[in-house]
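*Asks:* have a look; sequence and predicted model below, questions after that.
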Amino acid sequence: MDNIQNYNEHTFESIKHVNKYGAEFWYARELARMLEYKDYRNFLVVIYKAMDACKNSNFDIEDHFGDVTNMIEIGKGAKREVRIIC
C-alpha cells in the first residue's frame, strides 16, 4: 500500500459483493490483495483495529464485520477451510 493515490472507486467496486438482501460487502482477503499486503496476517491487524474502533464508537461489531469459511485449494487437489472476515 505504497501510494494511496493508486486506488479509486473502481478499485473497490471491482471486488464488491452483494448479498441476497442487497447489502454490499468485501472479503478481507480480497481487500488485502487489492491493497498490496504481502501477508494476510499483517492486514488482520488493521481489521482488528477497525473492529476496536467500531466497538469504541458504540456500534455492534457483528453489524459491520462477519466471519465466513471458504475452502481453498492448497496443492495437488487438496483443500482446507480458511476463515475470512468480511
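*Replies:* That came through, no problem.

*Asks:* and the helix or strand residue 54 falls within, what's buried?
*Replies:* Following DSSP states H and E, one finds residue 54 within helix 40-56. Across helix 40-56, burial judged by 16 or more other Cβ atoms under 10 Å covers 43-44, 47, 54. (C-beta placed from N, C-alpha, C; glycine too.)

*Asks:* with these in mind, which one is nearest to residue 23?
*Replies:* Proximity of those to residue 23 was ranked by Cβ to Cβ; the top entry is residue 54 with 16.3 Å.

*Asks:* for residue 37, see how far away that closest one is.
*Replies:* Relative to residue 37, residue 54 is positioned 20 Å away (Cβ to Cβ, to the nearest Å).

*Asks:* can you lay out the buried residues of helix 40-56 as a markdown table showing distance to residue 7 and pLDDT?
*Replies:* As requested, the buried residues of helix 40-56 are exported to a markdown table (distance: Cβ to Cβ, whole Å; pLDDT from 0 to 100):
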| residue | distance to residue 7 | pLDDT |
| --- | --- | --- |
| 43 | 15 | 93 |
| 44 | 20 | 91 |
| 47 | 17 | 92 |
| 54 | 22 | 94 |
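
*Asks:* tabulate these in TSV, adding columns for distance to residue 61.
*Replies:* Supplementary listing: the buried residues of helix 40-56 in TSV, determined by distance: Cβ to Cβ, whole Å:
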residue	distance to residue 61
43	17
44	14
47	11
54	5
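
*Asks:* residue 64: how many residues sit nearby?
*Replies:* If you count neighbours by other Cβ atoms under 10 Å, residue 64 ends up with 13.

*Asks:* which ones are touching it?
*Replies:* residue 54 (Cβ atoms under 8 Å, 6 or more residues apart in numbering).

*Asks:* please enumerate the helices of the chain.
*Replies:* 9-13, 28-34, 40-56 (DSSP state H).
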